[in-house]
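# Whatever this is, show me its structure:
(chains A, B, C and D)
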Number of protein chains: 2
Amino acid sequence: MPHPDAADLVLTDVLFALSDPARLELACRLTEGPLEVAACHPVGGEIPKSTLSHHLKTLREAGVVRNEPYGRQRRVSLRRDDLESRFPGLLAAVLSPALVEASPPR
Amino acid sequence: MPHPDAADLVLTDVLFALSDPARLELACRLTEGPLEVAACHPVGGEIPKSTLSHHLKTLREAGVVRNEPYGRQRRVSLRRDDLESRFPGLLAAVLSPALVEASPPR
DNA sequence: CGAACTGTTCAACTATTATCGAACCATGAG
DNA sequence: CTCATGGTTCGATAATAGTTGAACAGTTCG
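Take a look at the predicted model:
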């Protein structure tokens, strides 16, 4: 399961990966810490395993997340440091408004 | 020709609009100042007018650029302030690496 | 007005991406 | 080893996005 090197991250690929609401929301939750794949379903409800896996692939191939074996499961984590070194400030700028959108002011 | 209000900008739409190399590069050049549409062709060479217009539409509908009449032409400008107020730091984080990619270190 | 100039919109086609069931693979438990 | 569990990959289909020529619209200039 290939992951791009930190130095090879492509900005447009990262932006594209994060331009989907479900993927952005997941990236947001991953700031809290790694999650098993089963915990990566969108908040609203379950989606088919294959669909989820596809989104994870998009994020992984863009270099946004790492996906590694963990016991009999797999653990998904945000590549914070790699992203920060290649695109400083990007993650913070993208995820902080996403957090606000997730819990709109009332 | 509709432009979304600053308050209505949607993060995923902005990210998507900037996830295309030609559009990202244009946004980058727009930091230098407004451009007429004719000057918005990608650096490599000319593209059909309709294709360019379509990319401008994507950027405009996402709220990244403003497109207003200017004499017999149209002037395209970056919506810096609106983007900054809605998504602080995003533009800087996205466009500064884009500048680097445009002129790779030798 | 009418022609030239700049761009946008339309419509058709192509290409990429999303979705999802089914088949498949790896790991750990019994 | 065998089975159940947790995920990925495959293949087909649907949906969305990109590309383009041609038609159309607004502005200026003669």
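# Let me see the contact set for the nearest residue to A:Val43 once chain neighbours are set aside.
Spatial nearest neighbour of A:Val43, chain neighbours left out: A:Glu25 (6.6 Å); criterion: Cβ to Cβ, 6 or more residues apart in numbering or on different chains. (C-beta placed from N, C-alpha, C; glycine too.) A:Glu25 makes contacts with A:42-43, A:98, A:102, as judged by Cβ atoms under 8 Å, 6 or more residues apart in numbering or on different chains.
# got the contact list for the residue of chain A found nearest DNA strand C?
Going by Cβ to the nearest atom of the strand, DNA strand C is nearest to A:Ser50 of chain A, at 2.9 Å. By Cβ under 8 Å, 6+ apart, the contact list for A:Ser50 is empty.
# ditto for A:Glu61
Contacts of A:Glu61 (Cβ under 8 Å, 6+ apart): A:2, A:4, A:13, A:17.
# Local confidence estimate at it?
Looking at A:Glu61, its pLDDT stands at 98.
# Now narrow the contacts of A:Glu61 to whatever sits close to chain B.
Residues of the contacts of A:Glu61 in contact with chain B (Cβ under 8 Å from any Cβ of the partner chain): A:Asp13.
# what subset of the contacts of A:Glu61 is also close to DNA strand C?
Among those, none lies close to DNA strand C by the criterion of Cβ under 7 Å from any atom of the strand.
# Only whichever of the contacts of A:Glu61 are buried, select them in PyMOL.
The PyMOL selection below is limited to those of those classed as buried (16 or more other Cβ atoms under 10 Å in any protein chain shown):
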select buried, chain A and resi 4+13+17
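# where's the dip in pLDDT among the contacts of A:Glu61?
Among the contacts of A:Glu61, pLDDT bottoms out at A:Pro2, giving 94.
# Quickly note the distance from the closest residue to that one other than its chain neighbours to DNA strand D.
Of all residues not flanking A:Pro2 in the chain, A:Glu61 sits nearest, at 7.6 Å (Cβ to Cβ, 6+ apart). Remark: distance between A:Glu61 and DNA strand D (Cβ to the nearest atom of the strand, to the nearest Å) = 10 Å.
# What is the least confident helix or strand in chain A?
helix A:90-102 (a mean of 87; mean pLDDT, DSSP states H and E).
# and the most centrally placed residue in chain A, what element?
Residue closest to the mean C-alpha point of chain A, counted by Cα atoms, centre = their mean, is A:Ala27 at 3.4 Å. Secondary structure from DSSP states H and E places A:Ala27 in helix A:21-30.
# ok, residues contacting stretch A:82-91?
Under the contact criterion Cβ under 8 Å, 6+ apart, stretch A:82-91 has outside partners A:6-7, A:9, A:11, A:14, A:63-64, A:78, A:80, B:89, B:92-94, B:96-97.
# Output that stretch as CSV, nothing but the C-alphas.
What follows is stretch A:82-91, C-alpha atoms only, in CSV (Å, rounded to 0.1, in the frame of the first residue of the first chain):
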residue,chain,number,x,y,z
ASP,A,82,4.8,15.9,6.5
LEU,A,83,2.1,18.3,5.4
GLU,A,84,3.3,21.0,7.6
SER,A,85,6.9,20.8,6.3
ARG,A,86,5.8,20.8,2.7
PHE,A,87,2.9,23.2,2.9
PRO,A,88,3.3,25.3,6.1
GLY,A,89,0.1,26.5,7.6
LEU,A,90,-2.1,24.7,5.1
LEU,A,91,-3.6,22.2,7.4
